[in-house]
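> sequence? don't have it. structure:
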């Protein structure tokens, strides 16, 4: 299964189900347990605090988002925590915008 087919498949599934695409296979994920969520949220907070201390307003710490890897069409993981360029960065820092468009999909719409 490729990314486009997987995304169409997701539209047919109930919103409360969690799925990811790994090596072309749609894999249903179990709901995270409380301890797992606690660790994920602690990691999110630590990353966010570290970025704020470093003045990295160009980066965002996100949870519950899918990630596309450029050139790999059969892999759409859902990491617990991910750091991505922020919207502010794409407007004021062209190098981050270029990086985002090169390595991530879909591209951020121009403002």
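Received the coordinates, thanks. Keep in mind that this is a model prediction, so the values were computed, not measured. Numbering: from 1, shown residues only.
> what about the strands in the chain?
18-22, 25-29, 59-62, 82-85 (DSSP state E).
> max-length helix in this structure?
What stands out as the longest helix in the chain, according to DSSP state H, is helix 34-53.
> Show me what counts as buried in that one.
By 16 or more other Cβ atoms under 10 Å, the buried positions in helix 34-53 come out as 40, 44, 47, 48, 51. Using the backbone N, CA and C atoms, a C-beta is placed for each residue, glycine as well.
> TSV for the strands of the chain, including distance to residue 36, mean neighbour count and mean pLDDT?
What follows is the strands of the chain, written out as TSV (distance: least, Cβ to Cβ, whole Å; neighbours: other Cβ atoms under 10 Å; pLDDT from 0 to 100):
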stretch	distance to residue 36	mean neighbour count	mean pLDDT
strand 18-22	12	17	88
strand 25-29	11	11	90
strand 59-62	17	18	90
strand 82-85	16	17	88
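> for the ones you listed, which one sits closest to residue 8?
strand 25-29 (10.9 Å; Cβ to Cβ).
> Okay, angle between the closest one and strand 18-22 too, please.
Taking axes from the mean of the first three to the mean of the last three Cα atoms, to 10 degrees, strand 25-29 and strand 18-22 form an angle of 150 degrees between their directions.
> From residue 26, how far out is residue 39?
Here residue 39 is placed at a distance of 26 Å from residue 26 (Cβ to Cβ, to the nearest Å).
> between the strands of the chain, which one is nearest to residue 69?
Each of the strands of the chain has some distance to residue 69 by Cβ to Cβ; the shortest is strand 18-22, at 10.7 Å.
> Which elements pack onto the closest one?
helix 3-11, strand 25-29 (3 or more Cβ pairs under 8 Å, 6 or more residues apart in numbering; DSSP states H and E).
> 6 Å - rerun?
On a contact count with 3 or more Cβ pairs under 6 Å, 6 or more residues apart in numbering; DSSP states H and E, strand 18-22 meets strand 25-29.
> How about residues contacting the strand it packs on?
Residues outside strand 25-29 that contact it (Cβ atoms under 6 Å, 6 or more residues apart in numbering): 6, 9, 18, 19, 20.
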